[in-house]
Structures are given as structure tokens and as C-alpha cells.
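**Student:** need coordinates for the below:
(chains A and B)
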Number of protein chains: 2
Amino acid sequence: MADRYAPAKIGEPITDADTPALVVDVAKLMHNIRLMREMVAELHKQHHVPHHIAIRPHYKTHKCLDIALRQLFDRGAGYPHNSAELAASPSSAPAATFTSGVCCAKLAECESIVYGRCSDGTRSWLRSVTSGSVQDEADVHWDILLTNEIMGKKKMARLARLLAVMQERARRVGKAAHGFKIAVDCRAHVDQLADVARTAGVVLPLYIELQNGGGRCGVDSAGELVELAKYIKAHPAGTVTFSGIHAYQGRNQHIRNHADRVRAVLEGDATKMVREALGLLKSQGVVAHTDVVPVSGAGTGTFPLEIASGVFTEIQPGSYAVMDADYLANANPSDIISSSRFATSLTVLSTITSTHASPARLICDAGLKAVSVETYLPTLVSILPATAKGAQFWRNGDGVTWKYVSGGDEHGVLVPKNRADEEQVGPWLRAVSLENLVGGKAVLVAGHCDPTINMHEHIVATEDGVVVSDVWNIGGRGVGF
Amino acid sequence: MADRYAPAKIGEPITDADTPALVVDVAKLMHNIRLMREMVAELHKQHHVPHHIAIRPHYKTHKCLDIALRQLFDRGAGYPHNSAELAASPSSAPAATFTSGVCCAKLAECESIVYGRCSDGTRSWLRSVTSGSVQDEADVHWDILLTNEIMGKKKMARLARLLAVMQERARRVGKAAHGFKIAVDCRAHVDQLADVARTAGVVLPLYIELQNGGGRCGVDSAGELVELAKYIKAHPAGTVTFSGIHAYQGRNQHIRNHADRVRAVLEGDATKMVREALGLLKSQGVVAHTDVVPVSGAGTGTFPLEIASGVFTEIQPGSYAVMDADYLANANPSDIISSSRFATSLTVLSTITSTHASPARLICDAGLKAVSVETYLPTLVSILPATAKGAQFWRNGDGVTWKYVSGGDEHGVLVPKNRADEEQVGPWLRAVSLENLVGGKAVLVAGHCDPTINMHEHIVATEDGVVVSDVWNIGGRGVGF
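**Tutor:** Numbering: from 1, shown residues only, chains lettered A, B, ... in the order given. Next comes the predicted model:
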């Protein structure tokens, strides 16, 4: 059906893609993946962090195996690139940075990684960067942290199957364990997962989620965390283990002012509660005093601060790989660790289907089924008239500045940004000519990348910004059951 | 992959469905389909409308072939049920009501109807209501109005293929034409579609869209409409025809106060512009004075008013079949034509994955990937504790009243509605016991049905509210290219 019909073919001009379509600039994507590694290494050194800092990219952002494999295996920076390479590293000093695995938000995302297929292009790339030792995605020993609590018979049956497949793959590549970890926040989760582990004959590592201001899942205090850790430890050996703390604070990510963001993370509840929990775990003998308890959290907007705090051992950034208009609004030129250093590698290509001079507006085919509008509106990057050749775009701002306003489920409406622009639009539209714009393209940056990508089936990849170099499947999209 | 994995099996309790899942109560759905027919017949009589009033349900609401076939073929009310039955009707008086076909918002939706497959359950139902004359969905001669403008090479290639398939099907069932109509608002659309029609060897009926206050597509004045109609007529015979006016006003649908809604529709631009356009078309000889020009528009919130206006020949309601919290807020007990007469046939079933006493909150697995929140938040209908049997739900309001607040992409957060409720929640939670609620179910009504359904792959159907009677595929979901 139309859903699974790919919007473009390799070798075509991007502007021939059927719209609305997601487009990823691969060079910018790789820049972001490498920049994250460099920034983390730099922060690790700067703050004299005495333990490893791992990057565990959040798969929920893109849900695309082709991107996840690049995050795990790219060798573009001079640091150990993943946990296997870290283990083989001769240095005994805490590693500056490496990729420990991926996070997922839903079981369906985990399944799409473990059972999924990447594109032929990615498969070739994978063979080349691993010198052929990894033939394809089925050879990858994944380390997945499911950062959410799940409940229910059907979910547990699916988890049992996933564990069996991951365990079998681990055996094949000579690893001891399946590589799957999951968040819990109450006894019901622990009991249910212990049953699954017992049935599957595996040990399941549990991360206790700490609710640190987000107001959703997670134990509400350090005391509750320690009690739950003890409860896990009281389970029979060979079922579940207490393996770490999951402490992500979503609200801090988008505090616009950098100083406020610093205060919110370093002096806020999140870091305080983690520190308190670590203290209690040690003072009450749940872990040894010398143990480094894995603490996983942080996102694109705050990871430098979680690293600076010294209590986090792993960061979970997702959006940095593709970026969106909401994160771009965090920009702060004086802030060297601003998320604005990441490039916008993802855009939404839409077709202008209707044009109007008075009131001036262009209608494009990216409505709220194609671009998320619930927290932040998309922004317009550029316009390509129907008759223009190649990449001859009008950049937004060249004489006339437009903004995107929602036109409902199927339409985006581009209108002048303000009155001054409005006065320029008339002459500009006459100069360009309306007929020249119908059938042209409007390039948008998503307001919020995760739910935008979730609506699409494919990502059109380009190396040069002009020609389609690959078409990637968004395997993990959906409501996520 | 997980996306295509159906959340439930026929015969299972609904509460065993993997969540988040859409659930449709088929009895309520059929009630809505019949109520719409009865209301239109009543309004037709009441306002002495001198021409046919057709119902053309909007497929964009549900995108589900199993529901569209019920809208087209159900015989539950004493009126001609579709255009074929109308043609066979002995009466020469204008028909009270009948279903002329369906509307679609996107080409992908049209494709999902024409190329799609319904469930075995629907196929049996179809054979029974048509006495076997329609064996399956491939025997249905669809009449589709695509209510949007489309542009682009790939779109046109797909349209040409669709027309060929529809033309072939029309021949097989003895019809003269393919049954596809499409909206236009400028010369570029007309030229492009004339090319497709010429290549495909078919005549393509065009509806000119009138922009009547919505501020997106559509010609901006009656004068422009007449000029474009003349432009269409100037094309060679056997390519395109001017076949009607598409005049839908989305903003009027949700005016809460009934009197304000009446004013907006009957005295507003929409109706005035249509009337002016009809006058000009006749005075300038584009159509004959005796012609009834098809005028299609109206939605669930306003259709009684468009019928009352006397200028609309066809209404396009979509949401009435399933309803949502936004339309329910239009409720007006003194308003006999209120959309609140339709039943909420669609709910979102979610699992409570985490519970907390202080601050009191229940976390469910229906976040903004499963329930649209961009215009109106979902509402909570009921809660089923994990240990309850069958349909033993706590209705919202039984001692404690909750509201849904967004918890981001993957979570919904249920919190007390106000301070008074907050005081009751503590004792209620202790009485029910938190452990009893983890793994339980929360039943929601979507805030906005169309984009909510668009995120799902399946609809779980139930006849009795307890057991799964069928699982329907949402064939037309997606970004809609």
C-alpha cells in the first residue's frame, strides 16, 4: 500500500521525491555523531570525571536502523567507537567516550532493531568500517536499554521472544549475555520481569527509574529507590539484577536560557536525588563503596551538565543526530556547549500545491500528519520554484521571510512573518510569479523531531544535498505497543 | 515488524489487546451511520430542500475500508442507502438522503480504498447486506472525491494508474465512468490533470475549491471561480470537465456556541460566496439556468446548517462515525441538531504502567504517538484495575475524577481534575490499592480523531464491548503522500 511505497529512488534528484518526505543530509548527520563524541571527550577531560562516560544514543528520535548502526560503528573521530573497541583498548584510564549501545522508548523499537533490516547501502558501509567482521545487522551484538516500564501479558510474551533471539545472537558472537536492560519503578514490574527471565532462562538487568521532576514514571525518592533495589536483590539469583539508575529529566532540555539550564540541572532535584540515592545505596550496603553505579540520563539540551555533575556514567542524547526547530531555539552563541553546535541534518521536503497573492500565502502538503506541531511549529528553510533547476533554492530571508502556520491535517500554510515582510511579499510573488511556485518545493525543519519522524515510513538520504544516495526504512515507527 | 503486528485476536477479551490500541464499538458506529442518514432526511424535509442531499462520508477521519464499506452499504434505516439504490428508486422526488460515495484528503487514501483489502468479517457482512451481489471490496464501484489539490510527477503517475484500475473496475460492473473526482484551484492544476486524463484516455471531473474563510487552498472569490470554470470548459472535450464546487469550512465546525455557529455558516462568507458563484456561473452561461450545480462541503459540526442554506447538494461529514472529545465539547442539550447526538464509538485502550500516590498520578502508555494532543487533549472514560474481571470498570467520576495531561511521546499522565478531586484521590487510591492499578487499563476518548487514527495500524472492533469481534486495518494511514 501507499504507506510502504518509498518516496524516492537512489540516483534521482531529491526534488523528485514524492512528498511530504523526510530528507537526511548524511554529511551533517555524521558531523553530529562525531561532534557528540568530541564534545563528550572534551567535557570528560575538562571536568576530570574519574569514571567512564558512555554515549547511549536514544533510538526513539529516529527509529531508523541505518542511523543507529552509524551511531554505533562510525570511526570518524579518534576515540574508541563502541564498547567492544573500548574493551580492546590498552589504556587503563577511564575512557573519554565510547558508545555503549542504544536506548529505546518502547518494546516495538527494540524489536525493530533486533529483527529489522537496514538498507543495502548501510550494509556495505558496515562491512567497510568493520573491515568485514560485521557482515550485516544480524551480526551486531546490541546493547539495548529500554528506558520505560512495560506491563501486560502480550508485552511479556514479546519480551521473552526478544530475549531468546538476543541470547542466541550473543552466543553466536561469543558474548555471555543477551544485552537487554529495562527500567522499573515498582515491585509489580520486578516480579513480572523475574517471571519472564526465569521462563527464558536468562538474567535480566534492571535499571531503577528515578522520577526527578518530570512527574511521570520513576520512584519519587532516593529512599524508595534503595528499597526497590533491595527488593530486586532479594529475588533468586539468575532472574533479575539491580544494574543501574535511569534518571532522565525531559523538562530541563528546553530551558532557553543557558544559566537557568545550568541551575536546573546542577542544583536541581535530578542531580541531587541521584547523589542521595548513590549515598544510600552504599551506606546501606546494597552496593560496595568502591562500585561505580551506572547512572544513565541526560539529553541533547543538557548532557554537558550531567557530565559536569560527576554522577552520571552514561548520557542518552537523541535529537543531536538530526536536530529540530525547538532545539535550535536553545541557541546561545556565548555557550560553547550549546546544542546549536549540531547541524540540522533532517528536513521535511514538501510540495507547494496552491498559491495565493491576496492574502499572500503558499500552501504546502506537509500538514500535521507529516510534521509534528504539538510543542513547536516547523520553520521554513527554503523554497524551490517548480521551474528552477537542481538545487537553485530561494533561501528564507532572501527578500522575503515566511513562517509556517498549521493548516490542519494535510496542509501547511506559509505566510509572511510580519507586516514588514508582508509588504515585500506582493512584489516578490509577482517577480517570482505564482505559476512558478505551484508544484515547487518548500523545505521545512521539524518543530519536534521525534514525533515527526514517527509519522513517516522512510528517510531519503543524500550525500551531496542534490541526489538521493539511499532510502532508509523507519522500522520502529508507530504507536509503539 | 511490530507496526503490522495486530494488537488483538478475534474472540479474545478486549482488555487483552496489546496497548495502546484503538477500539471501535460496532453497535455505536452503526448507530452513528444510521443517525446521520435520519438527521439528513429530517433536515431535508424540514427545510424543503428542492434538490437531492447526498452524504459523502470523509474517509480521512478513519482511513479504514471496513468502516467505509459500512457507511456505503449499511441498510439499517429506511432510506436509499447509496447512489445505486437511489437510481433504482421509483420516486421522482428529490431524495431525502443517500450516500453518494466517499471523500478522501490524499491520493494515498484513495489508493488504500481502491487497492485495499477489508477483513474477512467485513467481507461476510458485505455479502449478506448486498444479498451476495457484492462478493468483496473488488466488486465495489467507488465514487471518490479527492478534496485536495495535488501536484508533481510522481503523484500524477500514481493518479494515472489509479484511474486505469478504477476505469477497468467500472467496465466490469457496467458503469460508464471511473468514479474519481478531484479538487482544483488554479490553471496549473487543470493543465496537469488534463494531461493525465488525455494519457489515460478518461474524462476527469474537476471540482473547483472555494476558499471561504479557511485561509488555505481554494480560489479566493466567486469571480475567480467562474474564470477557472471557463478555463476548464475551454479544454478539449474528453479531458476535464467542470463538475462542481468544493466549499468546506473547517473553522466553523468547532464554534462551541450553537447560535454563533448558525451565524457563521448561514450569514458567513462560505454560504454567501457559494451563492454568488452559482449566480455568476448561470448569468455568464457557464452552466444552464436549470442546472443544479453540485456543491459539496460541511462537516460533523455544521452539516444541518449547510443543508438549511439550500445551496449545498452534498455534505462531507467524517468525525460523526467515531466522534472525539473536541466534537463532544460542542454539546448543547437544547440543540437538537448538535453533534453531541452521535455516540463515542471510538476509544483508545491504554495500559497503566506506573502508579504513584504522592503526588497522585497514574501513568498510561498512550502518549502523543498514540493520541493526538495538538488541538484538544484526550479525556479519560474509565479505569479497569489489573485484577478486575470482564468489563468491571471504574467510570471516571465514580468517587474520583481524573484528567489526562500529556506526558510526552510515550506517556499519558492521569491526575486529579481539581483540588476537590485531589482530596478524594488519596483515599480512593488506597481503597483500590496502587498495586491493583499497575497493569490495569485506562480507556480514553481521543481529543482529535483524525490524526489519532492516523497514528495507528489497526482498529480492534467489538460488538458487545467485551470481546474482540474483528480486527480492521487502517489502510490509508501515513503522512499521506
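**Student:** which residues in the stretch 301-450 of chain A form helices?
**Tutor:** Shown for the stretch 301-450 of chain A, the helices assigned by DSSP state H, counting those that start in this stretch span residues A:303-309, A:325-328, A:419-432, A:434-437, A:449-454.
**Student:** could I get these as JSON lines with mean pLDDT, distance to chain B and mean neighbour count?
**Tutor:** Quick note: C-beta positions are derived from backbone N, CA and C, even for glycine. Below are the helices of the stretch 301-450 of chain A laid out as JSON lines (pLDDT from 0 to 100; distance: least, Cβ to the nearest Cβ, whole Å; neighbours: other Cβ atoms under 10 Å in any protein chain shown):
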{"stretch": "helix A:303-309", "mean pLDDT": "93", "distance to chain B": "18", "mean neighbour count": "24"}
{"stretch": "helix A:325-328", "mean pLDDT": "87", "distance to chain B": "13", "mean neighbour count": "22"}
{"stretch": "helix A:419-432", "mean pLDDT": "76", "distance to chain B": "13", "mean neighbour count": "14"}
{"stretch": "helix A:434-437", "mean pLDDT": "83", "distance to chain B": "6", "mean neighbour count": "18"}
{"stretch": "helix A:449-454", "mean pLDDT": "94", "distance to chain B": "5", "mean neighbour count": "25"}
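**Student:** closest one to residue B:51 among these?
**Tutor:** For the helices of the stretch 301-450 of chain A, the distance to residue B:51 is smallest for helix A:434-437, at 35.6 Å, taking Cβ to Cβ.
**Student:** which elements pack onto that closest one?
**Tutor:** Helix A:434-437 sits against strand A:346-357, with contacts defined as 3 or more Cβ pairs under 8 Å, 6 or more residues apart in numbering or on different chains; DSSP states H and E.
**Student:** now check the strand it packs on, is it near chain B?
**Tutor:** Yes. Strand A:346-357 reaches chain B (Cβ under 8 Å from any Cβ of the partner chain) through A:351-356.
**Student:** ok, back up a step: may I see the helices of the stretch 301-450 of chain A organised as CSV, with distance to residue B:453 added?
**Tutor:** Below are the helices of the stretch 301-450 of chain A laid out as CSV (distance: least, Cβ to Cβ, whole Å):
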stretch, distance to residue B:453
helix A:303-309, 36
helix A:325-328, 26
helix A:419-432, 36
helix A:434-437, 32
helix A:449-454, 15
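**Student:** and of those, who's closest to residue B:194?
**Tutor:** helix A:434-437 (15.6 Å).
**Student:** how about residues contacting the closest one?
**Tutor:** With Cβ atoms under 8 Å, 6 or more residues apart in numbering or on different chains as the test, helix A:434-437 has contacts from A:352, A:355-357, A:362, A:383, A:385-387, A:429, B:186-188.
**Student:** closest one of those residues to residue A:5?
**Tutor:** Nearest to residue A:5 among the contacts of helix A:434-437: residue A:352, at 21.7 Å, using Cβ to Cβ.
**Student:** quick one, grab the pLDDT at the spatially most central residue of chain A.
**Tutor:** In chain A, the centroid-proximal residue (Cα atoms, centre = their mean) is residue A:318; its distance is 2.5 Å. We have a pLDDT of 96 for residue A:318.
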